[in-house]
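Asker: here is my input; please provide its structure:
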Amino acid sequence: MRVIGGKYHNRRLHPPKEIDARPTTDFAKEGLFNVLHHSVPLEGIRVLDLFAGTGAISLEFLSRGADEVISVDNDRKLYDHMQRMARDLGETRWRMVKSDVFTFLRSHRGTYDIVFADPPFGMEGIERIPTLVMEAGLLDKDGLLIVEHTEKLKLDTLPGFKQQRSYGLVQFSLFGPTPAP
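Answerer: Numbers count the residues shown, from 1 in each chain. Model (predicted):
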């Protein structure tokens, strides 16, 4: 596992052993960030990384110039791992929150240019994430929500759906803010 581009390009990541996480593959990351690079600004943005796991996606955004990344994960080992990585890199733009994502979404206030969610593939309730993010008002007016999931999960009928990208077994569904009724 490595950082694909930017300031930390090719930096190897060494997550703790025996973790209950499925990091996004380099192939999928490369595809997603190629799409993002050509469609949205990545420098100077605020990013919320839900189910941050190893922190690889958070670090990818920081590497490409994000002003602030908030990573949310409930696992103590992964939270500690992200804290260590930020400290080792001297990365002051990265903040971690140890919390259940659904609890966090019900109480957090703020707006972001990009919200990225990579829940465990077998988790129940993944289809609620876009609605919860929209209801919480977490997306900036031109913001983008990206949900990583398997091909079995269909999110294209949810409000705000824009497009889906497929990279092997990984799917990214992209959503924009939904207009107020």
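
Asker: would you map the helices across this protein?
Answerer: Applying DSSP state H to the chain gives helices spanning 26-37, 56-63, 76-89, 101-107, 129-135.

Asker: residues contacting the longest one, please?
Answerer: Pointing back at helix 76-89 there. When contacts are defined by CB atoms under 8 Å, 6 or more residues apart in numbering, helix 76-89 is touched by residues 8, 13, 15-16, 19, 21, 52-55, 58-59, 71, 73, 91-92, 94, 96, 98. In short, each C-beta sits where N, CA and C put it, glycine included.

Asker: that helix vs helix 56-63, what angle?
Answerer: Angle, helix 76-89 to helix 56-63, by axes from the mean of the first three to the mean of the last three CA atoms, to 10 degrees: 20 degrees.

Asker: may I see the buried residues of stretch 1-10?
Answerer: 3-6, 8 (16 or more other CB atoms under 10 Å).

Asker: that older thread, turn the helices of the chain into JSON lines, including mean pLDDT.
Answerer: Putting the helices of the chain into JSON lines (pLDDT from 0 to 100) gives the following:
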{"stretch": "helix 26-37", "mean pLDDT": "91"}
{"stretch": "helix 56-63", "mean pLDDT": "96"}
{"stretch": "helix 76-89", "mean pLDDT": "94"}
{"stretch": "helix 101-107", "mean pLDDT": "94"}
{"stretch": "helix 129-135", "mean pLDDT": "94"}
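
Asker: and the ones you listed, which is most packed in?
Answerer: Across these, the average number of neighbours (mean count of other CB atoms under 10 Å) peaks for helix 56-63, which reaches a mean of 26.

Asker: how about residues contacting that one?
Answerer: The contact list for helix 56-63, computed with CB under 8 Å, 6+ apart, reads 1, 3-9, 11, 13, 23-24, 29, 33, 42, 45, 47, 49, 52, 69, 71, 82, 85, 91, 93-94, 114, 116, 118.

Asker: closest to residue 163 out of the buried residues of stretch 1-10?
Answerer: residue 4 (20.7 Å; CB to CB).

Asker: in strands only, show me the contacts of helix 56-63.
Answerer: Among the contacts of helix 56-63, the ones falling in strands (DSSP state E) are 47, 49, 69, 71, 94, 114, 116.
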